[in-house]
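1. coordinates only, no sequence provided:
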């Protein structure tokens, strides 16, 4: 029925700050950037390595969404990495706070969390090339 994952859409509070974070800090490539005058809204399409896209939207006055760890709805976005330590070091060079590394009790994989400029929880999940 489903062929794969296509995209995740995020509404951001400060378009330029989030654009810089996702492109310069996380290194995602821009596919397209569109200003939609009728909505006073930017839309930024970003390519996620390995397939899929991340869409960033800006709106004049977005409502706040609850962001508690156990709130109903989106819990976090997880990105697959092959070298967790190197990725953490790169984030820290940009001043990003990264939580302590944990180990998934079910898989034995190492993972950690950090946040985007709006506080959205982002996860790094280490999958070594031989584990794919």
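-> Perfect, thanks for sending it. Just so it is clear, the model here is predicted, and its values are computed rather than measured. Residues are numbered from 1 along each chain as shown.

2. show me which helix runs longest in this protein.
-> Ordering each helix of the chain by length in residues (DSSP state H) puts helix 84-93 first.

3. now do it: which elements does it pack against?
-> strand 110-115, strand 121-126 (3 or more CB pairs under 8 Å, 6 or more residues apart in numbering; DSSP states H and E). C-beta: built from backbone N, CA, C; applies to glycine.

4. okay, and for the protein, where does confidence drop off?
-> Applying pLDDT under 70 to the chain flags the ranges 66-70, 131-132.

5. residue 50 reaches residue 81, doesn't it?
-> No - under the criterion of CB atoms under 8 Å, residue 50 is not in contact with residue 81, lying 10.4 Å apart.

6. mind checking which of the two has more residues around it?
-> Neighbours were counted for residue 50 and for residue 81 using other CB atoms under 10 Å; residue 81 has more, 21 against 9.

7. residue 29 pairs with what?
-> Beta-bridge partners of residue 29, counted by DSSP bridges, are residue 47.

8. could you pull out the strands for this protein?
-> Along the chain, counting by DSSP state E, strands occupy 7-12, 29-36, 41-47, 53-58, 77-81, 102-103, 110-115, 121-126.
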